[in-house]
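Participant: One predicted model, sequence on top.
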Number of protein chains: 2
Amino acid sequence: MTAAVRPIREFELLNRIYAGNRELAERFPGRVRVPPGDDMAAIAADGATVLAAVDSVVEGRHFRAGTPMALVGRKAVTRNLSDIAAMAARPLASLAAVVLPAGMSADSAESLFEAVRSTAARFGCPLVGGDIAVHAAGNAPLVCTVTVLATVDHAAGRVVTRSGAQPGDRVYVTGLLGATMTEDGGGHHLEFEPRLEAAAALLGALGSRLHAMIDISDGLGRDASHLAEGSNVRVRIDAATLPCRAGADWRAAMRDGEDYELCFAASGPVPESAAGVRVSAVGAVLPAGGGPLVEVVAADGVAIDASSLGWEHAAAGGISETQP
Amino acid sequence: MTAAVRPIREFELLNRIYAGNRELAERFPGRVRVPPGDDMAAIAADGATVLAAVDSVVEGRHFRAGTPMALVGRKAVTRNLSDIAAMAARPLASLAAVVLPAGMSADSAESLFEAVRSTAARFGCPLVGGDIAVHAAGNAPLVCTVTVLATVDHAAGRVVTRSGAQPGDRVYVTGLLGATMTEDGGGHHLEFEPRLEAAAALLGALGSRLHAMIDISDGLGRDASHLAEGSNVRVRIDAATLPCRAGADWRAAMRDGEDYELCFAASGPVPESAAGVRVSAVGAVLPAGGGPLVEVVAADGVAIDASSLGWEHAAAGGISETQP
């Protein structure tokens, strides 16, 4: 009898980090202000609060072979900037670690680094450090890992976590959702604008009424479930209100991932746009219990469990897409 | 006629980052206190100074296939902690991004993460964030990238860069050098203790007389040349004084790399040990000009250019080892 090899699941593994939160608090009292499990961690550093997050883009996983290095470097930075936006924080600095295929030309490598450097600078998150390694194997995939640091918005004096949504809040998203990758592997997921300005504008306009926020990287279904779980609430989404990108229906809007838009919960009036970006009311926050973390109500009035509509990036052997 | 493909060289590429230093200063005035090019960058964050560095360990490059995940995770953290030691800074927090082979078991992945988490916590640098991806290709190499954050030593109120060495200083190293990898791929490079306590003790004992410091990751020849270049001086090393690990002669001590010991320049008396770690005087700082950045004087009195004795990690197609 052979024991089945347990597949790797990203959330299980990340839960190992989160499980260390109690130990963090005990061994390093006061050091960690927002613990692992949010879009960024926040750390107390000599009186300041510094936020930090890290994300890799991997050839064959986050971009196809043949994608121009300028777009690869851009995405490696912008998807991290999206995490800064999700906290309504301000970019401070970035670092990049790249592992290059052995056969890569210096020109391609420089193009990658230049894209990382210029994208980071453009969004106010200058590249201050890096590491370069070359794979021993010639065909091994390129990996570009970017770390971003951020500070707290000075006027607001706080960051926005996933954990503050309250029953009675409305749920909103920025921009358009779904159809984020074209058939040739290009499209929105390589070209999106991180919502830093929109997030700052929302925090400025809503202040303490901006209760919780997350960026949509894994699909609205899954990311809204993270917000619901973090806030100990449920979320109900009205399919008809979802702002769909051309080529996407409401299922694609819930599921596709890599939108890098913001999903937030707020009370009271919310503007229809923020820093020029459309803001759409798409649902409501409900008390916990009595149903799935996220449900989407279709045109026929039937509610579908949407908590797992989205991507779990690290499921072994391929991106696992869960459909209802 | 075919144009030769220009190989990737780590230092050339990193120089692209460093070339951005002037732009950093102009576009982000006051934000970057120690710019890219040192062991860590230092950034101004709301009145505090935060240091940051990133480094990857790559299967087939920094560890062999089959190395226990507990040692891989440990090394991914400790080589970053060595950068903190090199600045005489204090660990604050760490983040880890791993890219796993598609066929890896969840148990192995958990072992890796647990090693990262426990090593980071042990050295006062708690893991506060992470990212996990799985390669699309089954045989693609494991990559584990760790970012470390640090703060300035409170008593000293400063960090120690590569740039302060002065003619007349003596040059010192901690511990033993060379023979850092056994034939089976194990040994010191997987098991070293980062010199955090020794660095803090040296800064406490020497204060402003501790002029410049670097950690020895690429080989003493190459790393001393970084210190010499950063300080605009030359370094002369006396081969007979090099503290060699069992199995290493002075050439190995100059060349092997992955010692993760400290090399520093200081004036005045220096203790023979720091936090229980041996400290050896191995050379002198000379004025710039008139010779190589680093020379080593052998027993026969002949001076050899040792500036490139060491490893350039990212030379295309394999680690390039330059011997005299």
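Facilitator: Looks like it arrived, so ask away. Note that the structure is predicted; figures quoted are calculated from it, not measured. Numbers count the residues shown, from 1 in each chain, chains lettered A, B, ... in the order given.
Participant: how far does stretch A:202-218 stretch from start to finish?
Facilitator: 22 Å (CA to CA, to the nearest Å).
Participant: Only the buried residues of that stretch, if you could.
Facilitator: A:202-203, A:205-206, A:210-218 (16 or more other CB atoms under 10 Å in any protein chain shown). Just so you know, the C-beta spots here come from the backbone N, C-alpha and C atoms, and that holds for glycine as well.
Participant: which stretches of the stretch 101-250 of chain A form helices?
Facilitator: Along the stretch 101-250 of chain A, the segments classed as helices by DSSP state H, counting those that start in this stretch run A:106-122, A:188-191, A:196-206, A:220-231, A:250-255.
Participant: Run through who's touching the helix or strand just after the last one.
Facilitator: It stands for helix A:250-255. Per DSSP states H and E, the first helix or strand lying C-terminal to helix A:250-255 is strand A:261-266. Applying CB atoms under 8 Å, 6 or more residues apart in numbering or on different chains, the contact partners of strand A:261-266 are A:85-86, A:160, A:164-166, A:169-177, A:195, A:198-199, A:202, A:206, A:209-216, A:220, A:223-224, A:227, A:231, A:235, A:285.
Participant: Now intersect those with the strands, please.
Facilitator: Residues of these located in strands (DSSP state E): A:170-174, A:210-216, A:235, A:285.
Participant: Of those residues, just say which sits nearest to chain B.
Facilitator: Distances from chain B to the ones in strands among the contacts of strand A:261-266, taken as CB to the nearest CB, are shortest for A:D215 (13.8 Å).
Participant: check contacts around the residue lying closest to the closest one once chain neighbours are set aside.
Facilitator: Spatial nearest neighbour of A:D215, chain neighbours left out: A:A86 (3.9 Å); criterion: CB to CB, 6 or more residues apart in numbering or on different chains. The contact partners of A:A86, by CB under 8 Å, 6+ apart, come to A:39-40, A:160, A:199, A:213-215, A:262.
Participant: mind putting those in JSON lines, pLDDT included?
Facilitator: Putting the contacts of A:A86 into JSON lines (pLDDT from 0 to 100) gives the following:
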{"residue": "A:D39", "pLDDT": "95"}
{"residue": "A:M40", "pLDDT": "97"}
{"residue": "A:V160", "pLDDT": "98"}
{"residue": "A:A199", "pLDDT": "98"}
{"residue": "A:M213", "pLDDT": "98"}
{"residue": "A:I214", "pLDDT": "98"}
{"residue": "A:D215", "pLDDT": "98"}
{"residue": "A:L262", "pLDDT": "98"}
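Participant: of all the residues you listed, which two lie farthest apart?
Facilitator: Greatest spatial distance among the contacts of A:A86 (CB to CB): A:M40 and A:L262, at 13.9 Å.
Participant: who's the residue in the stretch 151-300 of chain A that chain B sits nearest to bridged to?
Facilitator: Closest approach between the stretch 151-300 of chain A and chain B, counting by CB to the nearest CB: A:T151, at 5.4 Å. According to DSSP bridges, the partner residues bridging A:T151 are A:V50, A:R90.
Participant: Quick check: it vs A:G207, distance?
Facilitator: A:T151 is 18 Å from A:G207, where distance means CB to CB, to the nearest Å.
Participant: what's the burial count for A:G168?
Facilitator: The tally of other residues near A:G168 (other CB atoms under 10 Å in any protein chain shown) stands at 12.
Participant: Quick one: residues contacting it.
Facilitator: Neighbour list for A:G168: A:267, A:284-285 [criterion: CB under 8 Å, 6+ apart].
Participant: hmm, try it at 10 Å
Facilitator: Going by CB atoms under 10 Å, 6 or more residues apart in numbering or on different chains, A:G168 touches A:233, A:265, A:267, A:284-287.
Participant: which among those residues gets closest to B:A45?
Facilitator: A:A265 (28.5 Å).
Participant: Could you list the contact residues of the stretch 151-300 of chain A toward chain B?
Facilitator: A:151-152, A:154 (CB under 10 Å from any CB of the partner chain).
Participant: Just the buried subset of these, please.
Facilitator: Buried, going by 16+ other CB under 10 Å: A:151-152, out of those.
Participant: The residues of the stretch 151-300 of chain A next to chain B into CSV, with extra columns for pLDDT?
Facilitator: Shown next, in CSV, are those (pLDDT from 0 to 100):
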residue, pLDDT
A:T151, 98
A:V152, 97
A:H154, 91
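Participant: I figured A:Y260 hits A:L220, correct?
Facilitator: No - judged on CB atoms under 10 Å, A:Y260 makes no contact with A:L220 at a distance of 11.7 Å.
Participant: higher neighbour count, these two?
Facilitator: Legend: neighbour count by other CB under 10 Å for A:Y260 and A:L220, higher for A:L220 (32 against 25).
Participant: Check which residues of the host helix or strand of A:L95 are buried.
Facilitator: Per DSSP H and E: A:L95 is located in strand A:90-100. For strand A:90-100, a neighbour-count test (16+ other CB under 10 Å) marks A:90-100 as buried.
Participant: Same check on stretch A:268-282?
Facilitator: A:270, A:274-275, A:277, A:279-280, A:282.
Participant: Do you know the pLDDT at A:A97?
Facilitator: Note for A:A97: predicted pLDDT of 96.
Participant: wait, what's in contact with it?
Facilitator: Applying CB under 10 Å, 6+ apart, we find A:A97 in contact with A:54, A:56, A:76, A:129-133, A:143-147, B:53-56, B:58, B:97, B:143, B:145-147.
Participant: Now with 7 Å, please.
Facilitator: Residues counted as contacts of A:A97 (CB atoms under 7 Å, 6 or more residues apart in numbering or on different chains) are A:130-131, A:145, B:54-56, B:145.
Participant: In contact with A:A248, which residues?
Facilitator: A:177-179, A:256 are the contacts of A:A248 under CB under 7 Å, 6+ apart.
Participant: ok, now A:V72?
Facilitator: A:57, A:63, A:112, A:144.
Participant: For those residues, could you give me TSV that also reports distance to chain B?
Facilitator: TSV is the format used below for the contacts of A:V72 (distance: CB to the nearest CB, whole Å):
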residue	distance to chain B
A:V57	8
A:F63	11
A:L112	9
A:C144	10
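Participant: would you list those residues in TSV and tack on neighbour count and pLDDT?
Facilitator: Formatted as TSV, those follow (neighbours: other CB atoms under 10 Å in any protein chain shown; pLDDT from 0 to 100):
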residue	neighbour count	pLDDT
A:V57	26	97
A:F63	24	95
A:L112	26	95
A:C144	27	98
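Participant: Run a quick neighbour tally on A:D107.
Facilitator: The burial count for A:D107: 12, using other CB under 10 Å.
Participant: no no, A:G30
Facilitator: Neighbours of A:G30 (other CB under 10 Å): 7.
Participant: and it, what element?
Facilitator: Going by DSSP H and E, A:G30 is not part of any helix or strand.
Participant: Return the set of buried residues in stretch A:114-123.
Facilitator: Here stretch A:114-123 shows A:115-121, A:123 as buried, counting by 16+ other CB under 10 Å.
Participant: which residues in the stretch 1-150 of chain A form strands?
Facilitator: A:32-34, A:41-45, A:48-58, A:90-100, A:127-134, A:143-151 (DSSP state E, counting those that start in this stretch).
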